[in-house]
Each structure stands twice: as structure tokens, then as C-alpha cells.
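Visitor: When you get a sec, could you give me coordinates for this:
(2 chains)
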Amino acid sequence: MSQRVNEMPPTQPDAGMLEAPELEELELDVAPTPAAEARPGRWTSWTRFSAIPKPVRRWGIALGVLLLVCVLGPFVAPFEPNIGVSLPLEKPSGAYLLGTDGNGRDVLSRLLYGSRISIGIAALSVALGAVIGTVMGLLAAVTEGRFISVLLVRFMDAILAFPFVVLAAVTAGVSFGQTIGIGPVEFGQKTILAAVLALIQIPIFGRLARGTALEENSKDYVTAAKACGLRPSRILRTELFPNVLPALIVQTSFSVVIAISAEAAISYLGLGIQKPDPSWGNMIREGIDSIVLGGWWIAAFPTLMVIIVSIVLTNLGEAMRQALDPRAGRDRITALRTKES
Amino acid sequence: MPVLTYISAKLFQTLGTFALVVLGAFVMLRLAPGDPALAQAGVAATPEQIELIREQLGLNRPFLVQLWEWFRGAFTGDFGVSYNDHAPVTKIVTDHIFPTLQLVALTTVLTIVLCIPLGIWTAVGHSRLSRWVGNTITVLGPAIPNFVVGILFVLIFGWAITGVLPHYGYVPFSQDPVKAFLHTILPALALMTSGVAIISRVLRASIIETLNDDFVFVGTALGVPRKRLVWTDVLRNSLVAATTVFGLFLGVALSGSVVLENAFGIPGLGNLLVSSFDARDYPVTIGTTLVIVAAVLLVNLVVDVLYLFLAPRVRFDLGVSTR
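Guide: Residues are numbered from 1 along each chain as shown, chains lettered A, B, ... in the order given. This next block holds a predicted model:
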């Protein structure tokens, strides 16, 4: 047997890869923080924090920094975002750190305001989509085999069949510039845009929730719960949902990436956030239009922001999957990455 | 279940989904703000004129009647006429289909040509470089949206190194193959990034798994050269998962092209969709949407069927026999 392994080198790192996640856990067990041992109880928040797997912590902090920029951005922005403050197309310099755009507006200030709008809309849309999608998915799983389940699955398939930019463009075009008032609450353009983008997330979360719930449903602990005479709604709440949740949490991270790129895409096409409000998408649009005039910096910085946020969120999602999803252990590729990073 | 039953069941399912999509598109566009009649009549039109145009376009009939009329026409290949220049939608859409096809075709070819060697190399290679490439692809590839890569290309080739490759415009393949290739290469490269990343990653995973199979052991024992073993038997046995992902990717590519066409100035379906929306030319919007959705559904259907022939195990799981 050992000879066989020797003859096939690729399988060797493979064997190591599978052990990678366990290695990391081991480290945590062997070396708990000294502070935690010295004063039990007092440092719980720190010990809890240090129990988070290292990659999750690292990328989580990166995300925290980005969110901080979004929240504090408007307060530290040097200029008004929508008012021209200098000559158009000033190069990045000491006075205008990232230059000014074709209307003489400060790119840094617009980027800071725009980050809040873009990330805010993406987060809201994922929250909406995740809740609706999960409810639909779990409902479809519980009613499996009945007509309502077929209907729900078909509905999600239909949304999925729409290429997502087409779906976003069509629905955003439909809701173009409208405001909807429900009672005293007025929903503005940005909320509606978030609702439109949530539509993309519904089948993603719905299918994931349904698939995971169906898989869990056939396991012994659910059978045991049924044998104990628990009502289906109770089983769903206390048995199935907690076990479906990790997969959903992981998906949230990836979904925000999808939402951000969708928002940027439709704002780029002119169907999303309307001028003069900044968002990454419409800043890129304006920047592309002024490339012929030599203004590369206008589109470059929002593009960079989309890339940075996407990389951080993808890595965070990948790291969380390592930590939360028991199936990730079987995925050799992801295991390989933990070992080498 | 015989294969034919399986295929027709899948076909039926696909048609059902398609019908839902058609209905959805129709309802959404009727809910859209902005009046096509107003858009066509212009600002200076009197109410009587607008009413007349509405009458001509059939917009004053009940919603269900409009839907029925449209469906009846669609079955005979008549998707209505454009509100703007009264040209048949079928003709407008077919005029715009070739630029998109050219882009997607080049993307497909490039993806396949790149993915297979890349998947094998990152799976079998031991060098530091192959490992680095494998990791970088898995991290960066799926993370960065296609259209952002396209914007980066426009920035690089439009500002930093101008004149190397054209970053704007479209030349049909039939007119000048070389020029057409040069004009399509940048958007195609942008469109394929996420696909190459995901497909080569999946391919790498399944190659690593296949390498553990007994037949590889036997082949090695019989003295089959390793390269031949990997490129023929191992590769063929690893293609199943990659094919599925490839099908999904084609769907994504079709939708990703909507934005990329805009950035690179290609007069394809994506551009048509956006411009018809701006003009509230609903028949054209619906026609374009349907063509894109139909293409995506068709690809998925083909993958579902292909799956049967590539993976005997799946055939067994689904209870489909080839006889």
C-alpha cells in the first residue's frame, strides 16, 4: 500500500490536506490563551474571540474595517459629494486625494458616500432575500411531495432561469424612480432597489435551505424527534432550522458579493442609483465616459473598491464554510487552501 | 424509466418554467412606469393623438386580451412589432443576436482551451508555481465580477496602453475574421474569468479524486505512461462535474454579456435590452429577454441530458435505463 502511494505523488499532499482543518483545531486546544486560564470568567469575550478559527477572524476584521469606512465615511469625507469643488478632472493630488471627476466633484468624498449606499443596498437586499428565500425553502422541504412544494420550487426555478443582470435590469427598470408609500412609511428609490435585488437571492437561499433541510430530514435525530411525538412545526423550529442555519450563514457572505456586483452592474447601466447620488456602479459609468479625456482615476477607484470588497467577502465565506459546514471537510480543494495559507 | 421518458419529462419541466418566465416578464413590463404611447408621441402631442397611438398599439385593450394576443402571435413566430419603428421584433432581435453569439462563442472556446490544461496542471503539478496559480485562481476568480474585469480592461487598454488592442466597437466575423477576433478578445477574456476559475477548480478536484481510482493504479502497474493516463482516462472520468458547471457558466456568461456589451460597445442583445428599455419599447424588451432566457434554459436542458451519458452513476440514481 505504501508503495502505491509512493508511485502516485499527487495523492500524498491529498492525505495531508484532509487533516488540515483538524490541525488548526488542535492548536487551539493545546494552547488556550494564558489570560483565560488565569482569570476564568473575566476574559470570556476574549476567549470566545480567540476560539474563532484564525481565517474567519482575519477576514472578519478586514470586513469590519470596510464597514467602518462605510459608517464613518460621510463624517470624514473632505467635501460635499454632489457639488463641484474644483476644476473638472483634477489629477489625484494633496488637495484632492483621489482627484476630481468630470463635474469637478471630489472622487474620494463620492467614493465614501457611495460605499455606504452600495454596501447598504447590498446588505439590505441579502437580508430580505435570505429571510424570504429561507422561509420558502423550508416550506418546500416540509411540504415535499405536495402541490405547494412543486409550486414553490418551480417559482424559484423561474427566477433562476432569468439571467441575473437581466432580472435586475428588468425589475429595476420597472420600479425606475418610483416611490411606494405604504401607510405612513414611504419607501424610497434605494429601498425599492434593494427589494429588486433581493429577488435574485430568493432562489439561492430557497434552494439551499430546501436541499439542506431535506438532507437533514432523513437523519436519525429527526426520526427520533418524530418518534417523541413533536409536532412538525416544532421539529422545523428546534431541530431542522438550527442545522440548516450554518449553510445559510456561509451563503450570506457569497450572496453579498453577488448583490454588490448586481447593484454595480445595474447602476452602471443607468437603471439603479440615479444621479447625482454616488454609488460604485454609476461612478464607474461616469469614469468610463471620461477615460477618453485622460481621467482614469474616476473609474479606477470604485472598481478597486468592488474588487476589494468581493475578495474580502469571498474569503470570509470560504473561511466560515471551513468552520461551520461539516461537509467542507470532504472538499479537498478548500482543505488544501487552509493548509497553505 | 427509459431515456426518452426522462428527456421528455425534462423538456416538459423546462417549458413550464419558460411559460412562467414569459408571464412574469409580461406582467412586470405592464407594471412599468412610463407610457409607451407617450414616449412615442413626444412631449408636444395632444391627448387625442396619444389616445390614437394607444389605440394603434393596442394598449387600451384589457391586459389579459393583450397577453392572449401576444401568446397567439408568439406561437406562429410573430413577436409583435417595435413601438418605435414598427419593424418586426423577430427581425430586430435576430439582427442583434450575432454580436452576442460571437462574444459567447469566443468565450466558450477560450474557456475550454484554458480550463482543461489548467485543471490538469493544478491537480497533477507539484511545483510551487502550479500551487500558487491554483490558489490564486480559486480566491480571485469567482470573487471579481465579470464586468469589473471588463472595466479594468477598458481602463488599461483605453488609457494606459492605448493602441495595443481595440477596447471599443464590433466587427462581424464574416467581414474581417482577424479584426473581429481582436475586437472580441477583450470582452471575451473578461467574460470568461469567473468561469475559468470555477470550472478549472472543479476539474482539479475531480481529477485528484479520479487519481485515487483503482484503474489508475492498474494502468500505472501495466506501464501506461503517466501523461497518457492523465490526459485520456483520468480526464474523461473527471469531466462530469466540470460539464455541469460549464452549463451553469454559459447561462451566467449570457447574462454577464449584457453589461460587458455596454462597456465594450458591442451592439448585441444586452445593448438591445437596455436601449429598448430606455425607449419603453416593450415588445422588443420582451423578445430579447425571452431569447436570452430560452438560451439559458436550453443549455441547462442539454446539460441535464448530457449528464446521463457522461455519468452512469447518475443514470442509476435517477432510475433511467438506456434501453
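
Visitor: What helix or strand is B:Val218 located in?
Guide: Using DSSP states H and E, B:Val218 falls within helix B:214-221.

Visitor: now that helix: mean pLDDT?
Guide: Mean per-residue pLDDT for helix B:214-221: 88.

Visitor: List the buried residues of that helix.
Guide: In terms of neighbour count (16 or more other C-beta atoms under 10 Å in any protein chain shown), helix B:214-221 has its buried residues at B:Val216, B:Gly219, B:Thr220. Just so you know, the C-beta spots here come from the backbone N, C-alpha and C atoms, and that holds for glycine as well.

Visitor: Tell me the one of those nearest chain A?
Guide: B:Thr220 (5.9 Å; C-beta to the nearest C-beta).

Visitor: just checking, that closest one touches B:Lys227?
Guide: No. Counting by C-beta atoms under 8 Å, B:Thr220 does not reach B:Lys227; the two are 11.9 Å apart.

Visitor: which stretches of chain B form helices?
Guide: Remark: helices assigned in chain B by DSSP state H are B:3-31, B:36-41, B:47-57, B:63-75, B:89-124, B:128-143, B:146-155, B:177-210, B:214-221, B:226-228, B:235-264, B:269-278, B:282-310, B:312-318.

Visitor: Any chance of CSV for those, columns distance to chain A?
Guide: Converted to CSV, the helices of chain B look like this (distance: least, C-beta to the nearest C-beta, whole Å):
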stretch, distance to chain A
helix B:3-31, 4
helix B:36-41, 13
helix B:47-57, 19
helix B:63-75, 15
helix B:89-124, 6
helix B:128-143, 4
helix B:146-155, 5
helix B:177-210, 5
helix B:214-221, 6
helix B:226-228, 9
helix B:235-264, 2
helix B:269-278, 5
helix B:282-310, 6
helix B:312-318, 15
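
Visitor: Lowest average pLDDT across those helices?
Guide: Looking at those, the lowest mean pLDDT belongs to helix B:312-318 (a mean of 63).

Visitor: Walk me through the regions of chain A where pLDDT falls short of the threshold, as ranges.
Guide: For chain A, applying pLDDT under 70 flags the ranges A:1-45, A:163-166, A:169-171, A:173-186, A:325-341.

Visitor: could you check whether the longest helix seen in it is close to chain B?
Guide: The longest helix of chain A (DSSP H) is helix A:107-142. No. Helix A:107-142 stays clear of chain B (C-beta under 8 Å from any C-beta of the partner chain), getting no nearer than 12.0 Å.

Visitor: Now find how far off-centre that helix is within its chain.
Guide: 8 Å (C-alpha atoms, centre = their mean, to the nearest Å).

Visitor: Can you show me the strands along chain A?
Guide: Assigned by DSSP state E, chain A shows strands spanning A:180-182, A:185-187.

Visitor: who's in contact with A:Leu124?
Guide: Shown in contact with A:Leu124 (C-beta atoms under 8 Å, 6 or more residues apart in numbering or on different chains): A:Thr191, A:Ala194, A:Ala198.

Visitor: Reformat the residues you listed as a markdown table; add distance to A:Val107.
Guide: Shown next, in a markdown table, are the contacts of A:Leu124 (distance: C-beta to C-beta, whole Å):
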| residue | distance to A:Val107 |
| --- | --- |
| A:Thr191 | 27 |
| A:Ala194 | 25 |
| A:Ala198 | 30 |
